[in-house]
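A.B. asks: My questions are about this predicted structure, shown below with the sequence.
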Amino acid sequence: MRLIKMYKNIVTSGCSFTNCGMSWPFHINDKNVYNIGTVGAGNSYISRAAIWQCEDLLNQGVPSDEIYLIVMWSGIDRFEFLTSKESPSHKDYISGKVENRWWLQNYNQNIKDEDSTWIKSSVPDMEWANESINHLTSQYWKHFYTEEESFLRTLESIIRIQNYCKKRKIKYKLSCWQNIFNKYSLKVPSGHGWAHEDQEIFAHQIWILGWLDGGHWTCHRYWPKEIDWKISKDTPLLKDLYPQTTHLWDIIDWDDWWFYEDEQIDYGGLAEWVVLGERDLMGVNEDPAHPSPDSHKKFAEKVVEKWIS
């Protein structure tokens, strides 16, 4: 099914939930889709990439009323470092074959990695094929990472996009890969080796545990197969835990957002829509960390089509 749209140019920005295999943007008429999403992207990168792509279209003479921007925010804990040839370690950071440099990303295709590029922090204990990168990111996670600052950066990225779109008069829709606003948790049922039974695991930690255990994503962290596997909308909002972020939360315009909502959750994203709304399994054997190609297709047809047509 091809989607009918009134906007001639669709810009999409996000992480691997936006650009990995046959993700949802590929089920929009691809002739007019500019998918700037990339694997492992954090929200600061996602916002910068979206603005760069929109500006590139405007500079080509595309009218702003023919552009529709869709941003799917990623995990708040991801972060990127900008490295350039001015840095004494730059050559070490960009060493290795180009096709294996998964830790690097440039949304501006006109800039070569040798001159300037972004380094992904990814997740704790991620081993890239570059020891200099591993040392850099391990120091970040060990000495500098805090959830509070990460959440603050995400709110700043959201405000950056909203202010930009309003200034440029670009229509937009914001969403999330999963709930990133609640510090919600679930109890781990028996038979899962990556955590103790009845241990409370917070959503942001589940990513880390899944990676370390090498594939327990088939647990479908949102699908309560057992009665004690629950998500609670009563768990606190991060903005209420961290007063440094409240003023930013208060100036966000919530009118142009999409959330999956049900009796369990208020700020759900694509992941919750897939497993709670559609009752689909996450990608199962092929890629258990992401929605399946079929789920992406359904999301494009059932949800995204309403935004752009």
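C.D. replies: Yep, that arrived.

A.B. asks: Which helix runs longest in the protein?
C.D. replies: The longest helix of the chain (DSSP state H) is helix 147-168.

A.B. asks: and that one, what does it pack onto?
C.D. replies: On a contact count with 3 or more Cβ pairs under 8 Å, 6 or more residues apart in numbering; DSSP states H and E, helix 147-168 meets helix 43-59, strand 67-73, strand 171-176, helix 238-241, helix 246-250. C-betas here are computed from N, CA, C, even on glycine.

A.B. asks: residue ranges with poor pLDDT in the stretch 101-250 of the chain?
C.D. replies: Applying pLDDT under 70 to the stretch 101-250 of the chain flags the ranges 184-232.

A.B. asks: Tell me which stretches of this structure form helices.
C.D. replies: 43-59, 90-93, 131-139, 147-168, 203-213, 238-241, 246-250, 270-272, 293-299, 305-308.

A.B. asks: Just name the most buried of those.
C.D. replies: helix 270-272 (a mean of 24; mean count of other Cβ atoms under 10 Å).

A.B. asks: can you tell me the average pLDDT over it?
C.D. replies: The average pLDDT for helix 270-272 rounds to 85.

A.B. asks: who's in contact with that helix?
C.D. replies: With Cβ atoms under 8 Å, 6 or more residues apart in numbering as the test, helix 270-272 has contacts from 17, 24, 72, 175-179, 222, 231, 260, 265, 282, 291, 299.

A.B. asks: Same check on stretch 23-35?
C.D. replies: Applying Cβ under 8 Å, 6+ apart, the set of residues contacting stretch 23-35 from outside is 2-3, 5, 7-12, 16-19, 37, 53, 57, 70, 270, 290-291, 293, 296-297, 299-301, 304, 308.

A.B. asks: for stretch 119-133, same thing?
C.D. replies: Stretch 119-133 is touched from outside by 40-42, 45, 77-83, 89, 92-93, 95-96, 100-105, 134, 136-137, 140-141, 207-208, 211-212, with contacts defined as Cβ under 8 Å, 6+ apart.
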